[in-house]
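**Student:** Okay, sequence plus prediction incoming.
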Amino acid sequence: MAASNALLSAHELVLSFGTHQVLDGATVAVYPEERIGIVGRNGSGKTSLLKILAGSEAPDQGKVSLRSGLVKGYLSQEFTLDEEASVLENVRSGAAAILSLIERYERGEGSPEAIEALSNEIETVDGWNLDQRVEELFQTLNLPPRDRVVRYLSGGEKRRVALARALVAQPELLILDEPTNHLDTETIDWLEDYLSSYRGACLFVTHDRYFLDRLATRVVEVADGKCFTHDGNYGEYLEAKAIRQQHAQNTERRRQSFLRRELDWVRAGVKARTTKSRSRLDHFYAVKSEQAPTEELNVDLIIPDPPTLGNVIVETKGVGIDLAEGFLFSHLDFALEANTVTGIVGRNGLGKTTLLKLLMGELEPTEGTVRIGKRTEFNYVDQNRIALDPEKSVLEEVSDQSEMVQLGSEQVSARGYLRRFLFTDERINTRVDLLSGGEKSRLMLAKILRRQGNVLILDEPTNDLDLPTLRLLEEALLAFPGCVLVVSHDRYFLDRVCDRIVAFEGQGQVDVTPGNYSYYLQKRRERERLSRAVEASQKPKKKKRADRPRKLTWKEERELEGMEETIMAAEKAVEALETTLNDPDFYTTRAHEAEAMHASLAEKRAAVVALYERWEALEAIRQAFETAKSR
C-alpha cells in the first residue's frame, strides 16, 4: 500500500527507560480497514508502541504522522475513568466530539448552510444512532447500571466501561491494549463479530490466540526494538516467523564459517601492505562486527512435584448456594480427579469464584455437602494474585531472605530459579515498582509456582502473559501430576489443557461436560437446537384436519436414529483438523498444506452445521407428530 494512504505511520521510533532500550528504530504504518495484531514478548515494547501511536506518550526519537482529522479510540491497560461520574457519563464521554456536533445543531446557530453542513457531518459519523449504540454496548458488554458511580466498580467492571467508551464513537482507528481481559467468552465472541465487520482500522494487542487468529489481517511482531510485519493471521505469522528465523540462522552459520576460515589468516599476522590484503582484513572485521540474531529465550516453567493425592480429593453432593435474591446454583454433584484439568467458564457474577471457595472449604454451602480429602493441599491463585511489595526487589519477593528456593524435594538457588523466568542478573535486583507489566506477571508466576500443593487452582491465569509464556504454562499444567482447576475466558487455553468443562450458564444452571471448551460449545448448541425444536412443536396452532403434522417416513426414521453418531463422526473430523492447524509446529513442517486444509476445514464445519439443521428438522417433525397424536 502507498504510504500516502496510511491513516497513521510511525518512522524510526526510539524509546528507552534508563539503560533499558525498548524501541530501537521501530517503523509501522496502519491503513484503512486493516486489523493489525501486535505480538511480542512481555517487555518487548508492545504497550509502549501503542501509547506512542495513540499520542499518550512521546518517543525519544522518531516521528508519528496522522492523516488530517483522524479520529482515534484508545483502550490502554492503565486506562483512567472519571471516578466521580456515572457509568453512562463515562461511556458517552467517548463520543464527546459527536455530542458537541449534535449540541451545536440543536442550538440552530449559524446560517442554514452551516446547519446543513453540521447535519451532514453528524450523519457521516453516524451520530444520530449514538443512543442506540450506547444501549447496545450496555447490553452486550454487560455493563453495570447506568447511574452507578465508577469509583464503586470492580476492576473488571471498569475495564468493560473503558472498552465501551473506546467503541462508542466508532472511530476511524481503534487502538486496543488487551481488550479481552476480564471479558467472558460470550462477550469476546461479540467483540470478535463487532470488530470483524468494523468499518474502521483496528490495532490491538491480545494474548487470546483465537481472537488474534480470527481477526488479524496483518501481524506485527515487536522484537529487538523493531517491528516485523507479516501479512495474514496468527497462524500465517507463525509460518512466516519460522522461515525468518531459519533464514537468520542460516546467515549466522555462514558468517561463523567465514570467520573461522579467515581467522587463521588474520592470526598469521599478515600485514596489510597491499590493497588486496587491506581489503580482505577490512572485510573480516566488518563481518565480525555484525550482530548475531538474538536468541529467543523461553521461560522454564516448573511446577514442583505435589504431595501424593488420596482416593478422595474433593467431592460435592447436591451442593447449592442461596443468596438474598435466590440460588446462585443448586443440586451440583461434582468430584475432582487426579491428573485432570477442569475448566470453569461463564459470565462474570454467576458464581465461578464462589464455587472455588466452596470446594476449598472457605464457604459453607446452603444445601448439600462438600467432602475434602485428608491429603488434599490447595495452591490457590486468585484474580488479584499474590500481592507484590512494590518496594522489594525481584529477588526479595521470591527468596524470602534465603539464598535457596525449595521446589518440592529439590533445592535451587533463588537467582537460578529467577533466571528460568527470564530475569537477568541486572533485573533480579530491580525494585518491583520499576518492572514492566509483563515482568510483574512472570514474577507472579515464579512466586506462585514455587509453593506446595497437589490441587492447583488458578483464577484467570492467562491475563497479561505473552503468547510464548502461555504455551509453556499450558505444557506445565498438562505435565502436572496433581489436579488442576482453572477459571478462564481464554478459549484456546481451555481447549488446549482441559479434560472437563464446568459451565455457569445463568439462571442457576451449571453444566458439567467432559472434553475441552469447543466440545462443550458443540453440545450446548445441540441442546439449544433441540430445545427450540421442542418449543416450536409445542406451540398451539389452529389447523384444519388436513394440515395435521405428518409422520416421518421409514427412511427418515433410520436417518434420525443414526444422526447423533453421524454428527459425532463429523465433529471428530473437524476437531482433528483444528488440532493440526492450531499446532504451531504444523507451519514449520507442512506449511504447503495449509491452504488446502483450511478449505477442507471450512467444508467440514459447514457439513456439521448442515447435519445439525437436518437433525433439528427431523426432530421437529417427529415431535410435532407425537404431540398431535397424543391430543
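**Tutor:** Yep, it's here.
**Student:** contacting residues for Ala10?
**Tutor:** Residues in contact with Ala10 (C-beta atoms under 8 Å, 6 or more residues apart in numbering) are 26-29, 49, 52-53, 62-65. Every residue, glycine included, has its C-beta placed from N, CA and C.
**Student:** Neighbour-wise, which one of those residues leads?
**Tutor:** Most neighbours among the contacts of Ala10, by other C-beta atoms under 10 Å: Leu49, with 28 neighbours.
**Student:** mind listing which of the contacts of Ala10 are in strands?
**Tutor:** 26-29, 62-65 (DSSP state E).
**Student:** Can I get those in a markdown table including distance to Arg420 and pLDDT?
**Tutor:** As requested, the ones in strands among the contacts of Ala10 are exported to a markdown table (distance: C-beta to C-beta, whole Å; pLDDT from 0 to 100):
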| residue | distance to Arg420 | pLDDT |
| --- | --- | --- |
| Ala26 | 29 | 94 |
| Thr27 | 34 | 95 |
| Val28 | 32 | 94 |
| Ala29 | 38 | 94 |
| Gly62 | 35 | 94 |
| Lys63 | 40 | 93 |
| Val64 | 38 | 94 |
| Ser65 | 42 | 93 |
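**Student:** Return the member of these nearest to Glu397.
**Tutor:** Nearest to Glu397 among these, counting by C-beta to C-beta, is Ala26 at 31.0 Å.
**Student:** Not counting sequence-adjacent ones, nearest residue to that closest one?
**Tutor:** Leaving out its chain neighbours, the residue that sits closest to Ala26 by C-beta to C-beta, 6 or more residues apart in numbering is Leu13, at 4.3 Å.
**Student:** so which helix or strand takes in the one you found?
**Tutor:** Counting by DSSP states H and E, the element that carries Leu13 is strand 8-17.
**Student:** Also Ile36?
**Tutor:** strand 35-39.
**Student:** Run through the helices of the stretch 51-200 of the chain in chain order.
**Tutor:** Along the stretch 51-200 of the chain, counting by DSSP state H, counting those that start in this stretch, helices occupy 87-93, 96-107, 112-124, 130-140, 155-167, 185-196.
**Student:** between the ones you listed, which gets nearest to Gly310?
**Tutor:** Comparing the helices of the stretch 51-200 of the chain by their distance to Gly310 (C-beta to C-beta), the top pick is helix 185-196, with 33.4 Å.
**Student:** buried set for the closest one?
**Tutor:** Buried residues in helix 185-196, counted by 16 or more other C-beta atoms under 10 Å: 185, 187-192, 195.
**Student:** Kindly report the same for stretch 450-460.
**Tutor:** Result for stretch 450-460 [16+ other C-beta under 10 Å]: buried residues 450-451, 453-460.
**Student:** for the stretch 151-300 of the chain, what spans make up the strands?
**Tutor:** Applying DSSP state E, counting those that start in this stretch to the stretch 151-300 of the chain gives strands spanning 173-177, 201-205, 218-223, 226-231.
**Student:** Now tabulate the ones you listed in CSV and tack on distance to Gly155 and mean pLDDT.
**Tutor:** Listed next are the strands of the stretch 151-300 of the chain as CSV, based on distance: least, C-beta to C-beta, whole Å; pLDDT from 0 to 100:
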stretch, distance to Gly155, mean pLDDT
strand 173-177, 15, 93
strand 201-205, 18, 94
strand 218-223, 26, 92
strand 226-231, 31, 90
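**Student:** Would you mind putting the ones in strands among the contacts of Ala10 into CSV with distance to Leu473 alongside?
**Tutor:** Converted to CSV, the ones in strands among the contacts of Ala10 look like this (distance: C-beta to C-beta, whole Å):
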residue, distance to Leu473
Ala26, 28
Thr27, 32
Val28, 29
Ala29, 34
Gly62, 34
Lys63, 38
Val64, 35
Ser65, 39
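**Student:** for those, which one is nearest Leu212?
**Tutor:** Distance to Leu212 across the ones in strands among the contacts of Ala10 (C-beta to C-beta) is lowest for Val28, with 16.8 Å.
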